[in-house]
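**Student:** Kindly generate the corresponding structure for this input.
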Amino acid sequence: MTMKQKAPDAVKVLCVDDEEYILNSLKRLFIDEEFEVITALSGQAGLALLADTNNVGVIISDQRMPGMLGAEFLHACRTVAPDAARILLTGYSDLTSTIDAINNGGLSRYLGKPWNDEELLMVVRDALQQYTLIIENRRLNGVVQQQNEELQEWNKNLKGRVLAQTITLRQKNEELYLTLQRIKQSYESMIVALAGLVKLREQSLFQHACNVADLSRSVAIKAGITPYGVENIRVAALLHDLGKLGIPERILHLTPEQLNPEELRVYQTHAIRGQMALHMIEELRPAGILIRHHHEHFDGSGFPDRLGGSDIPLGARIIAFADFIDNTFTGQTATTLELALDQAEELGGSRLDPQLQRLFERVAANLYGLETDRFTGTVTEREISPFELQSGMTLSRHIYTGSGVLLLRQGTVLDDFKREAIQRFYTFDPTNQGVFVMLR
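**Tutor:** Sure, this is the predicted structure:
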């Protein structure tokens, strides 16, 4: 096989591993790619090479290396090459150090060893595409700034020139908007990756986290919390069990009443562990605070800080209520959901915030896809045009496209993304009826 010639200014991928055969395997895997592969046998050598090399878009590092662990190396790389995507190769036994790499190294992705060749190729290609977008975004920002300065000097009477330049600027703004959307998508991918760590530990924890996130988000919207606050609550609810990754398996499978004092102390650290796992990521610190306090009780008897009443952040009170509902509701029937809601009501004022009871009763049945008599006579249904939909509305029936594809399920609470998706599908695959929503 003949190696393809790389352009002198081709983007580079730095691979670091203390095993020569691993580096050779990576070189063979990437031999037909457009990028150039450079290698180092240690974290120290990698940093030295990185300091003397331009246009490094991806850094791949093994975790277990003598002298400097992969997590430490990736953390140091943030200063030398802040725009480069950082990928950690690690084993399942290294979950604690993987969390450290996420916190301190700005980890873009982690992969298990031995890796899957196709998956690694796809991850590296996507990371290089993101790196290219960041570099291009910086260039475009410079172009826009320069052009704005030029606009101030132009003669106002040169209408034709101004019009032509306005078209160009509009195109550049559209490119910038797409870049920002990709960055937003990367943020969401990071949240999903963190939630995936919980899934590695236990599938039921992951499904529970998704249910708690859906419940908490819907209640937060009903409570009139700002979109920023709703997003923090959603993220915290999705990751509220992240701290359990460091808790022994035996302790997790016992109830608090079955634990001895030392085991109970270890179990109660998971809320703080969850907060600390997110603390080094500035954007996730508000969510970390909610994770810390989601086991506080309304009467002040909870943990870790024994806060009570309104001293507990509202988002943490919402997550605690949703956590209780999903843990208590096990039968997947309307009757068992009613029992869970009744138990929650009994705990109002002691463990749970009683003012949240009504909000959870209104959304729980819809999100679990069950009908309950608790609000008989208080819910009405209305058929409206998809272009009359508003964020926060709840679907009372499934939505199908004109060709019969299920688009969204009954009980879904609409946000801007879902509302715009419905309107797009009704435009190019219309049906002969409108959208049915609940009115309270």
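**Student:** Please count neighbours and contacts with C-alpha atoms only from this point.
**Tutor:** Will do.
**Student:** what about the stretch 251-400 of the chain, any weak spots by pLDDT?
**Tutor:** Filtered on pLDDT under 70, the stretch 251-400 of the chain yields the residue ranges 330-335, 369-381.
**Student:** At which residues are the helices of it located?
**Tutor:** Ranges of helices in the stretch 251-400 of the chain, per DSSP state H, counting those that start in this stretch, are 261-268, 270-279, 285-292, 314-328, 334-346, 357-368.
**Student:** Of those, which stretch is the most buried?
**Tutor:** Highest mean neighbour count among the helices of the stretch 251-400 of the chain (mean count of other C-alpha atoms under 10 Å): helix 285-292, with a mean of 25.
**Student:** contacting residues for the closest residue to L111 other than its chain neighbours?
**Tutor:** In this structure, L111 finds its nearest non-sequential neighbour in L89, 5.1 Å apart by C-alpha to C-alpha, 6 or more residues apart in numbering. By C-alpha atoms under 8 Å, 6 or more residues apart in numbering, the contact set of L89 is 60-63, 110-113, 115.
**Student:** among those residues, which are in strands?
**Tutor:** Counting by DSSP state E, the part of those found in strands is 60-62, 110-112.
**Student:** The residue nearest to L111: which element?
**Tutor:** Taking DSSP states H and E as the definition, L89 sits inside strand 85-90.
**Student:** Restricting to C-alpha, output that strand in PDB.
**Tutor:** Extracted in PDB, the C-alpha atoms of strand 85-90 (Å, rounded to 0.1, in the frame of the first residue of the first chain):
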ATOM      1  CA  ALA A  85     -10.300  18.000  20.200                       C
ATOM      2  CA  ARG A  86      -9.100  15.600  23.000                       C
ATOM      3  CA  ILE A  87      -9.800  11.900  22.900                       C
ATOM      4  CA  LEU A  88      -8.900   9.400  25.700                       C
ATOM      5  CA  LEU A  89      -8.400   5.700  25.100                       C
ATOM      6  CA  THR A  90      -9.200   3.900  28.300                       C
END
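**Student:** on that earlier part again, from the ones in strands among the contacts of L89, pick the one nearest M276.
**Tutor:** Checking the ones in strands among the contacts of L89 against M276 with C-alpha to C-alpha, the nearest one is Y110 at 19.4 Å.
**Student:** Mind pulling up the pLDDT for that closest one?
**Tutor:** At Y110 the predicted local confidence, pLDDT, stands at 81.
**Student:** So E175: helix, strand or coil?
**Tutor:** helix (DSSP: H, G, I helix; E, B strand; the rest coil).
**Student:** Out of the ones in strands among the contacts of L89, which comes closest to S396?
**Tutor:** Closest approach between these and S396, by C-alpha to C-alpha: Y110, at 40.4 Å.
**Student:** quick one: secondary structure of C15?
**Tutor:** Quick answer, by three-state DSSP: C15 is strand.
**Student:** quick one: contacts for it?
**Tutor:** Taking C-alpha under 8 Å, 6+ apart as the test, what C15 contacts is 23, 26, 37-40, 59-61.
**Student:** one more time with 6 Å
**Tutor:** Shown in contact with C15 (C-alpha atoms under 6 Å, 6 or more residues apart in numbering): 39, 60-61.
**Student:** and the contacts of L89 as CSV, adding neighbour count and distance to F324?
**Tutor:** Listed next are the contacts of L89 as CSV, based on neighbours: other C-alpha atoms under 10 Å; distance: C-alpha to C-alpha, whole Å:
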residue, neighbour count, distance to F324
I60, 22, 41
S61, 29, 41
D62, 26, 40
Q63, 25, 38
Y110, 22, 32
L111, 18, 34
G112, 13, 34
K113, 12, 37
W115, 12, 38
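**Student:** any chance of the residues you listed in JSON lines, plus distance to G349?
**Tutor:** What follows is those, written out as JSON lines (distance: C-alpha to C-alpha, whole Å):
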{"residue": "I60", "distance to G349": "51"}
{"residue": "S61", "distance to G349": "51"}
{"residue": "D62", "distance to G349": "50"}
{"residue": "Q63", "distance to G349": "48"}
{"residue": "Y110", "distance to G349": "43"}
{"residue": "L111", "distance to G349": "45"}
{"residue": "G112", "distance to G349": "46"}
{"residue": "K113", "distance to G349": "49"}
{"residue": "W115", "distance to G349": "51"}
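**Student:** L215: which of those is nearest?
**Tutor:** If you rank the contacts of L89 by distance to L215 using C-alpha to C-alpha, Y110 comes first, at 29.4 Å.
**Student:** Check whether the closest one really touches G91, as I assumed.
**Tutor:** No - judged on C-alpha atoms under 6 Å, Y110 makes no contact with G91 at a distance of 9.6 Å.
**Student:** Make CSV out of the helices of the stretch 251-400 of the chain and add distance to F303.
**Tutor:** Converted to CSV, the helices of the stretch 251-400 of the chain look like this (distance: least, C-alpha to C-alpha, whole Å):
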stretch, distance to F303
helix 261-268, 7
helix 270-279, 8
helix 285-292, 9
helix 314-328, 12
helix 334-346, 19
helix 357-368, 22
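**Student:** between these, which one is nearest to L49?
**Tutor:** With C-alpha to C-alpha as the criterion, L49 lies closest to helix 270-279 of these, at 30.2 Å.
**Student:** could you give the angle of that closest one to helix 285-292?
**Tutor:** 170 degrees (axes from the mean of the first three to the mean of the last three C-alpha atoms, to 10 degrees).
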